[in-house]
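Participant: Provide a 3D model corresponding to the input given below.
(chains A and B)
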Amino acid sequence: MDNVATHEDWKVRFSSLAPGLLLFARQWLRSSADAEDVVQEAFVRFWRRNHNIENRALLYATVRSIALDFLRRNNRRARRESDVVSEIEHSVQPKFTTEDEAQRALAAAVDHLPGEQREVVVMKIWNELTFAEIGSVLGISQNTAASRYRYALAALRKNFAPQ
Amino acid sequence: MNDFSELEDQLRKLRPAPPSPELFSRVERALVDVADENKSTDNIVRPDHFRINWVSLGLGLAAAAVLLIVARIEINRQAKQIPAVASLTPASRDKAGAGAVNDRLVPAGFTQVVYNTRDEGLHFAGGSVQPMRRVRYQTHETLQWRNAATGASLRVSYPSEQVELIPVPGQ
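Facilitator: Numbers count the residues shown, from 1 in each chain, chains lettered A, B, ... in the order given. Take a look at the predicted model:
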């Protein structure tokens, strides 16, 4: 296999994709360090296998798959170590760089969305995937993805009142 | 017109937290280092293998065994209760003998009802470069035996689960 690291292209691609991928991974992972591990593994695997980087649905499916596997492993470990039940519940909010109170409130409102709606919003807004791509990532129809998105925005509008 | 356009604009103004600078150097090292490639295979997500629900299967088999024993005892008891009639003709004795040969439960039917199908999205099989779609089926299977001679029947039902990996073309 070619040494793909010699291709500077990966840096350009990764720079544009990394923030959105991290945000996507952080839906399931408590710490940003864990999310970075997952994104690194997904990106490296994807790049080494010479998948078309334009195939975003496959890239996000890879991140999701690795993140969920990471979560399962941690859950098993947590059970073995008899950790508290709350440790098993990994419903971690996306992290944003906020500038004012209104943005913090909006970020909090996003955090409180149901998981299945939040992941659609994250993929649509901050990763600019189409509903067809989102449907492919989640194994649902694009109509279902669009419905979840609309429900999410309706909930956000209801819960978020800008100052 | 999208009713949510204003809200979408506000959402887009939220910026995801940037990755740490170390992440880039880590990715670069991982891409360069072949040894890391082998090491990373430990973390490859592999689809769940076909998982048998052993408890359900064990209970189902135990129930089947008990029913078979009970049915066998019942059949034997019925056979003993038939009085031996001295006046049976040779023809009728032959007929009874043939009945004894056929006096057993034979498989008569198998049904499998899929009551839940769940698409679990794309996954990678171990070492595979091609993504696979994983679909999980939850089924209820029923086996049936029938004794043609006595009309007795035995039916065993148990839940089951199957996982199907479907290659995704065009990657």
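Participant: Tell me the residues of chain B that contact chain A?
Facilitator: Within chain B, the positions near chain A by C-beta under 8 Å from any C-beta of the partner chain are B:4, B:7-8, B:10-20, B:23-24, B:26-28, B:30-32, B:37, B:40, B:43-45, B:119-124, B:129, B:131, B:133, B:171. The way it works is simple: take the backbone N, C-alpha and C, and place the C-beta from them, glycine included.
Participant: Can I get the buried ones among the residues you listed as something I can paste into ChimeraX?
Facilitator: In ChimeraX, this line selects whichever of these come out buried by 16 or more other C-beta atoms under 10 Å in any protein chain shown:
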select /B:4,7,8,10,11,14,16,17,19,23,24,26,27,30,31,40,44,45,120,121,122,123,124,131,133
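Participant: Point out the other helices and strands that the helix or strand hosting B:Ser157 packs with.
Facilitator: Secondary-structure element containing B:Ser157, defined by DSSP states H and E: strand B:153-167. Counting contacts by 3 or more C-beta pairs under 8 Å, 6 or more residues apart in numbering or on different chains; DSSP states H and E, strand B:153-167 is packed against helix B:54-81, strand B:105-124, strand B:131-147.
Participant: quick one: buried residues of that strand?
Facilitator: B:Leu154, B:Val156, B:Tyr158, B:Ser160, B:Leu165.
Participant: Report how many residues lie close to B:Ser25.
Facilitator: By other C-beta atoms under 10 Å in any protein chain shown, the residues close to B:Ser25 number 10.
Participant: Would you mind measuring from it to chain A?
Facilitator: Distance, B:Ser25 to chain A, using C-beta to the nearest C-beta, to the nearest Å: 10 Å.
Participant: Contacts only, for that residue.
Facilitator: Residues near B:Ser25 by C-beta atoms under 8 Å, 6 or more residues apart in numbering or on different chains: none.
Participant: And B:Leu122, by the same measure?
Facilitator: Here B:Leu122 is in contact with A:57-58, A:61-62, A:65, A:136-137, A:139, B:131-134, B:168 (C-beta under 8 Å, 6+ apart).
Participant: can you put the residues you listed in CSV and add distance to A:Gln40 and pLDDT?
Facilitator: What follows is the contacts of B:Leu122, written out as CSV (distance: C-beta to C-beta, whole Å; pLDDT from 0 to 100):
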residue, distance to A:Gln40, pLDDT
A:Ala57, 20, 87
A:Leu58, 17, 88
A:Ala61, 17, 90
A:Thr62, 12, 89
A:Ser65, 14, 90
A:Ser136, 23, 91
A:Val137, 19, 91
A:Gly139, 24, 90
B:Pro131, 19, 82
B:Met132, 23, 84
B:Arg133, 25, 85
B:Arg134, 24, 86
B:Val168, 24, 80
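Participant: Of those residues, which is the nearest to A:Gln27?
Facilitator: Closest to A:Gln27 out of those is A:Val137 (12.3 Å), distances taken as C-beta to C-beta.
Participant: Can you report how many residues lie near that closest one?
Facilitator: If we define neighbours as other C-beta under 10 Å, then A:Val137 has 26 of them.
Participant: Tell me where chain A has helices.
Facilitator: Assigned by DSSP state H, chain A shows helices spanning A:9-25, A:32-48, A:56-80, A:85-88, A:101-111, A:115-121, A:131-138, A:142-159.
Participant: Kindly reformat those as a markdown table containing distance to B:Gly60.
Facilitator: As requested, the helices of chain A are exported to a markdown table (distance: least, C-beta to C-beta, whole Å):
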| stretch | distance to B:Gly60 |
| --- | --- |
| helix A:9-25 | 41 |
| helix A:32-48 | 39 |
| helix A:56-80 | 27 |
| helix A:85-88 | 31 |
| helix A:101-111 | 45 |
| helix A:115-121 | 34 |
| helix A:131-138 | 34 |
| helix A:142-159 | 35 |
